[in-house]
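Participant: got a predicted structure plus its sequence, pasted below:
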Amino acid sequence: MSGEPRFDELFSIGLDRDGDLRMRAHSATHDGRKGAGLIGPRYLLWNSEIAKTVFDSALLNVKLAPFTDVARVGGWFVDAGMEVRFSVASLVTISFSAGRDLKSGRNVFFTDVTK
């Protein structure tokens with residue numbers, strides 16, 4: 001088979017609550033619609049972070065995690081930033097991240113809640 005790959009054969013890389021291929025300074029949605037992230041039939045993705053606990057008590061744990069994300073989807077992309085994670089009684093984790101796309105200079109802020 002030749003030509004362009006079908007849409008369901010493409011990978012989407014970026015920040016999206018439904019996806020696990022995260023580039024933390026590339027939003028995978030725009031105005032609530034998917035398809036704004038890095039999209040291609042092949043990819044290389046490397047996520048790196050070092051999380052440091054800055055506050056720890058019985059009910060609340062706070063971690064700071066500087067990160068660097070590198071991806072190749074057609075071209076090379078590098079993101080850098082910081083993520084703050086609040087874990088409440090080990091039941092729920094609320095995270096806030098601020099990332100900068102080093103290629104375009106755009107900033108992305110993202111929040112996520114996990115159980």
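Facilitator: Happy to help now that I have it.
Participant: quick check: L91 touching K115?
Facilitator: Yes. With contacts counted by C-beta atoms under 8 Å, L91 reaches K115, the gap being 6.9 Å. C-beta here means a position set from N, CA and C on the backbone, and glycine is covered the same way.
Participant: so between these two, which is more surrounded?
Facilitator: Taking other C-beta atoms under 10 Å, L91 and K115 do not tie; L91 has more neighbours (8 against 5).
Participant: torsion angles phi and psi at the more buried one?
Facilitator: Per-residue torsions, L91: phi -100, psi -40 (degrees, to the nearest 10).
Participant: pLDDT weak spots in this structure?
Facilitator: For the chain, the stretches with pLDDT under 70 are 1-8.
Participant: strands of that one, residue ranges please.
Facilitator: Taking DSSP state E to define them, one finds strands in the chain at 11-13, 29-30, 33-34, 38-40, 44-49, 52-56, 60-73, 75-88, 92-101, 107-114.
Participant: tell me the most buried of the ones you listed?
Facilitator: Sort these by mean neighbour count, taking mean count of other C-beta atoms under 10 Å, and strand 11-13 sits at the top with a mean of 20.
Participant: who does that strand touch, helix- and strand-wise?
Facilitator: Using 3 or more C-beta pairs under 8 Å, 6 or more residues apart in numbering; DSSP states H and E as the contact test, the elements touching strand 11-13 are strand 38-40, strand 60-73.
Participant: sorry, back to before: L21 is nearest to which of the strands of the chain?
Facilitator: Within those, the stretch nearest L21 is strand 11-13; the backing value is 4.5 Å (C-beta to C-beta).
Participant: got the contact list for the closest one?
Facilitator: With C-beta atoms under 8 Å, 6 or more residues apart in numbering as the test, strand 11-13 has contacts from 19, 21-23, 26, 28, 34-35, 37-43, 45, 71, 73.
Participant: note down every partner strand of it and its orientation.
Facilitator: When pairing is defined by DSSP bridges, strand 11-13 lines up against strand 38-40 (antiparallel).
Participant: centre of the chain to the partner strand, how far?
Facilitator: Its chain's C-alpha centre and that of strand 38-40 lie 14 Å apart, by C-alpha atoms, centre = their mean, to the nearest Å.
Participant: T111 is nearest to which of the helices and strands packed on strand 11-13?
Facilitator: Of all these, strand 60-73 sits nearest to T111, with 14.4 Å by C-beta to C-beta.
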